[in-house]
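Q: Provide a 3D model corresponding to the input given below.
(chains A and B)
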Amino acid sequence: MIKHRTRKVVLAIVFIALLATPFVIRQMSARAVPHSGTQEAKAAALENYGFYFEEISHKAGLDFVHRAPTLDPKLAPIMPEVASMGASVSIVDFDNDGWPDIYVTNSAEGSRNVLYRNMHDGTFKDVAEAMGIADVNRPGTGVSMGAVWGDFDNDGYEDLLLIKWGRPELFHRIPGGSFARVTDQAGLPKWINANTAIWFDYDGDGLLDLFIGGYFAEDIDLWHLTTTRIMPDSFEYATNGGRKWLFHNLGHGKFEEVSAKMGIESRRWALAAAAADLRGSGHPDLFIANDYGISELYVNDGQRFREVGKETGVGFAPKSGMNVAFGDILNQGRYSVYVSNISEDGILIQGNNLWVPKEGSGGNAIAFDNLARDFGVELGGWSFGAQFGDFNNDGTLDLYLTNGYVSADRKRSYWYDFSKVAGGNSTIIGDAKNWPAFDGRSLAGYQQKRVWMNDGAGKFVDVAQAVGVSDTFDGRAVALADLWNRGVLDVVVANQNGPLLLYRNMATPASDWIEFALEGVRSNRSAIGAEVRLYWNGQQQVQHVSGGSGFAAQNDRRLHFGLGKKAAIDKAVIRWPSGAVQTIDRPAAGQLLHVKEPA
Amino acid sequence: MSGDGSAAGKNDRKRSGVSRLLSLDNPYLVPAFITCILLAGHATFGILEGYDKTLLAIGASIAVELALGRIFYGKWVHPASAYITGISVGILIRSPAYWPYALCGAISITSKYVLRVNGRHLWNPSNFGISAMLFLAGETVGSLSIQWGNYLWPMLVIWALGALIIWRLRRFHITATYVLAFLAYAWLRSVITGSPWQSEIAPITGPMYQLFIFFMITDPKTTVRSKTGQCIVAFAVASLEMVLRLAQNVYAPYYALFIVGPIALLIEMWLAWYRARRAAAGASDVRAVR
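A: Here you go, the predicted structure:
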């Protein structure tokens, strides 16, 4: 009897220990977060991480506040949820002066988009009006959701594709002048509801092609609804979203829609897309992050795309994909893919995905493992845009993530109603009128951002608060650029219904860097898709010129490599979209290298 | 969910094969059904990120069950019950980490051995484990909410099969009472909160409820014995859930069962004790009169 009682006491202790395990794990993983902003904090950040950010948007003249659209009154009860996107940012040197400029979208009817010209003195000046790309949200034409830049006619000036919930627009930069609307000649559709688009030359013919991913179905005019059955028919398997478009550039400003012919047919709810040569085939593959479903990976053999999400592992577990960013995070010469999703303590733990190529896989047999948890970049709240970049020039790519969905009443949350309906049958969730009213509540609002520092050995540590990223706006798009040609990456963040933020990087100059500005000759002139493989100090890193990545964003086309201390660069190998390979031996660190593709 | 792992009864031999298969005493019926749900769901909708986490939950549950059964009863306990607990944990909790699956399975099974009164365990094991994880590890653990594609046909198939099995197990009245009460309360909540009634009934059309109403609230080991009592308890669970839902608790059904279930069992035990005592007192009075 005594023995039995002893066993029971021991078991009770074990039981209590089991119940206490989550608490212990939480305590073990918690760490003190230093407060940002003070001089001591900045000094500590420099000492510990080699950089800190200063938010200087106002000082730099970026007094832009995004405004959300007001859609059909039938959606009024859940307007904050539906009209929750549109803030985007893209970096472009539109005037070819060697200084990156910033284009920002607005989304209220009648609101104006902004093109901030870099004045070289730390400030920016809005020239969108003068350039003819400000007044693009007129009632009846829809509102802006994103913008990507690419020189589609290879005339040496970047052109602008504007995607909207409404009529997409293509603007051609008249050399030396303003922008001319060429949408109709290009053959773009009359109406789309898209949140992602990228420029890429999928067939390597030297002309930039265009991918556009629809979100809502294209037959829906969100200002004049004939039905409220516009919502996804499932929260994990929805296939009633917008169609996908692949526009093949025929030259002379004309495009041909070839998505079905090329094997891209999907009605998932695309929120982000990006292209990179993931298999080393010489052709850019297309990765699409879908809301309410699985991601899709279309591999490209130059003639046709083939969807291999399931085979490669990235398209199996459905989540709420909102971002695609590529980064060689382990300096192995291979891209990992970061897809953001939703995580809310105690309610919905999807976790973000970091798709790392499996050891030994490659080529057509490439496969990925989700190592977000192992690497420490899994939980980021209601995550939106994210980009890889080396913020402290230590030679490894770090990760900036913005987040937050609807910040309204801090004390009242919509989560309960959201989770209640989201789990229901498609006939219920697919109809907006079945959704409870938002009534001023927040949904995953006021969230802290993440700045994850990469230790190069498979661990990322969030230092956002320590390095001065303390805003809690509803972040959407993140774009990176060395805005003042200092050899460090600055960060621009577009917030929904919030201000545009500019985080100036105050990195210690102790570490080396090198940047590449590429210009295609046989390839597209923007060099989108060109890949630079840099070898230094016994390691390598690969980056590519992107025609759009993250969420509703485009980084500067110039490539930035941090190199750490006392860097000795062996060589830079450039693979151009045309297939040409160019090697630059022993380039000096600390310079922006302009490279033109050999004719 | 915890299956009744008892062996088939002697009377079963007289029944037909199908009847035996769908009988209360078949310890493999519920495990087989839930396994089929899991496999069908994973094959058609990929409801699991992979089999590894579910297998981990099953493995942890069975391992703990075998170890504790050996320690406390000196025998290897039939693993059917632990299998159901493990598979339920594997389906119903969602976490990118592995440890919650193992821990939830271990907590669920251990609760059966620790939280006992008069030889009965008070909580449905997986209800206890899942509630504990959702409450204690909310930053890492969520619950299944939006699987099966949100489509009508998978829902109808699961409802039909679940109802058939539960009817054969003579527990359909529990499910029916709960569902009717839920629907009535959904209408009432809609009136009170002003939310569309469709949004209030939405949860019960989802997969979490399918598992909850067919296999968690009907668990033979942790429900009261009388048919009326079972209906009253099911109604009480729905009633408390209504209150929790008005307080906007996301996991209202789990917590409602967590609270009502053991209270109902304790009341049943007290009533049994009280009746026995009165019967004993009555018998002694009779003896005294004689």
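Q: residue ranges of the helices in chain B, please?
A: Counting by DSSP state H, the segments of chain B that form helices are B:17-21, B:29-45, B:51-73, B:80-92, B:99-114, B:125-136, B:152-168, B:172-193, B:197-201, B:207-211, B:227-246, B:252-289.
Q: For chain A, tell me whether the fifth one is touching it.
A: What it means is helix B:99-114. Yes - against chain A, helix B:99-114 shows contacts by Cβ under 8 Å from any Cβ of the partner chain at B:99-100, B:103, B:106-107, B:110-111, B:113-114. Where you see a C-beta, it was placed from the backbone N, CA and C, and this is true even at glycine.
Q: per-residue confidence for residue 276?
A: Picking chain A for this. Here the pLDDT value assigned to A:Ala276 is 98.
Q: could you do chain B instead?
A: For B:Ala276, the model assigns a pLDDT of 92.
Q: Below-threshold pLDDT in chain B: ranges please.
A: Scanning chain B for pLDDT under 70 picks out the ranges B:1-25, B:45-50, B:144-150, B:289-290.
Q: Worst mean pLDDT across the helices and strands of chain A, which element?
A: strand A:348-349 (a mean of 85; mean pLDDT, DSSP states H and E).
Q: ok, is that strand in contact with chain B or not?
A: Yes - using Cβ under 8 Å from any Cβ, strand A:348-349 reaches chain B at A:348-349.
Q: which helices and strands sit right next to that strand?
A: For strand A:348-349, there is no helix or strand it packs on, judged by 3 or more Cβ pairs under 8 Å, 6 or more residues apart in numbering or on different chains; DSSP states H and E.
Q: what's the neighbour count on the residue in the stretch 401-550 of chain A positioned nearest to chain B?
A: Nearest to chain B, among the residues of the stretch 401-550 of chain A, is A:Gly424, at 2.8 Å (Cβ to the nearest Cβ). By other Cβ atoms under 10 Å in any protein chain shown, the residues close to A:Gly424 number 26.
Q: That one belongs to a helix?
A: No - counting by DSSP: H, G, I helix; E, B strand; the rest coil, A:Gly424 is not part of a helix but coil.
Q: okay, it: pLDDT?
A: What the model reports as pLDDT for A:Gly424 is 84.
Q: So it is in contact with B:Gly206, correct?
A: Yes - using Cβ atoms under 8 Å, A:Gly424 is in contact with B:Gly206, at 5.7 Å.
Q: A:Ala567 reaches A:Gly538, doesn't it?
A: No - contact criterion Cβ under 8 Å: A:Ala567 and A:Gly538 do not qualify, at 10.8 Å.
Q: Pull up the pairing partners for the helix or strand where A:Phe287 lies, direction included.
A: Taking DSSP states H and E as the definition, one finds A:Phe287 inside strand A:285-291. If you go by DSSP bridges, strand A:285-291 pairs up with strand A:269-276 (antiparallel), strand A:296-300 (antiparallel).
Q: Point out the most buried one among those strands.
A: The highest mean neighbour count among the strands paired with strand A:285-291, using mean count of other Cβ atoms under 10 Å in any protein chain shown, belongs to strand A:269-276: a mean of 28.
Q: For the residue lying closest to A:Ser340 once chain neighbours are set aside, grab the count of nearby residues.
A: In space, A:Ser340 comes closest to A:Ser383 once its chain neighbours are excluded; the distance is 3.4 Å by Cβ to Cβ, 6 or more residues apart in numbering or on different chains. For A:Ser383, the count of nearby residues is 33 (other Cβ under 10 Å).
Q: repeat for B:Gly229
A: 16.
Q: pretty sure it contacts B:Leu265?
A: No - with contact defined as Cβ under 8 Å, B:Gly229 does not reach B:Leu265; the gap is 10.0 Å.
Q: Identify the residues contacting the closest residue to chain A within the stretch 151-290 of chain B.
A: Chain A sits closest to B:Ala202 of the stretch 151-290 of chain B, with a gap of 2.8 Å, by Cβ to the nearest Cβ. Counting by Cβ atoms under 8 Å, 6 or more residues apart in numbering or on different chains, B:Ala202 touches A:420-421, A:423-425, A:428-429, A:434.
Q: Leaving out the residues flanking it, which one is nearest to it?
A: A:Gly424 is the one closest to B:Ala202 (Cβ to Cβ, 6+ apart), at 2.8 Å.
Q: What separation is there between the one you found and B:Trp187?
A: Distance, A:Gly424 to B:Trp187, using Cβ to Cβ, to the nearest Å: 16 Å.
Q: ok, back up a step: please say which of A:Ala567 and A:Gly538 ends up with more neighbours.
A: A:Ala567 (20 against 7).
Q: Helices of chain A, residue ranges please.
A: A:2-29, A:39-49, A:79-82, A:128-131, A:183-186, A:259-262, A:309-312, A:372-375, A:415-422, A:426-429.
Q: can I get these in TSV with distance to B:Ile158?
A: Formatted as TSV, the helices of chain A follow (distance: least, Cβ to Cβ, whole Å):
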stretch	distance to B:Ile158
helix A:2-29	31
helix A:39-49	52
helix A:79-82	29
helix A:128-131	55
helix A:183-186	49
helix A:259-262	35
helix A:309-312	24
helix A:372-375	31
helix A:415-422	18
helix A:426-429	15
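Q: now the ones you listed in JSON lines, with distance to B:Ser126 and mean neighbour count?
A: Putting these into JSON lines (distance: least, Cβ to Cβ, whole Å; neighbours: other Cβ atoms under 10 Å in any protein chain shown) gives the following:
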{"stretch": "helix A:2-29", "distance to B:Ser126": "15", "mean neighbour count": "13"}
{"stretch": "helix A:39-49", "distance to B:Ser126": "44", "mean neighbour count": "15"}
{"stretch": "helix A:79-82", "distance to B:Ser126": "33", "mean neighbour count": "21"}
{"stretch": "helix A:128-131", "distance to B:Ser126": "58", "mean neighbour count": "16"}
{"stretch": "helix A:183-186", "distance to B:Ser126": "57", "mean neighbour count": "16"}
{"stretch": "helix A:259-262", "distance to B:Ser126": "46", "mean neighbour count": "16"}
{"stretch": "helix A:309-312", "distance to B:Ser126": "30", "mean neighbour count": "18"}
{"stretch": "helix A:372-375", "distance to B:Ser126": "24", "mean neighbour count": "19"}
{"stretch": "helix A:415-422", "distance to B:Ser126": "20", "mean neighbour count": "22"}
{"stretch": "helix A:426-429", "distance to B:Ser126": "27", "mean neighbour count": "22"}
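Q: Tell me where chain A is predicted with low confidence.
A: A:1-2, A:30-37.
Q: leaving aside the residues next to it on the chain, what's closest to residue 165?
A: Just so you know, I chose chain A. A:Asn193 (4.6 Å).
Q: Chain B, not that one
A: B:Phe33 (5.7 Å).
Q: How many residues are close by that neighbour?
A: B:Phe33: 20 neighbours (other Cβ under 10 Å).
Q: Near chain B, which residues of the stretch 201-350 of chain A? Just list them.
A: Counting by Cβ under 8 Å from any Cβ, the residues of the stretch 201-350 of chain A that sit close to chain B are A:233-237, A:294, A:316-318, A:344-350.
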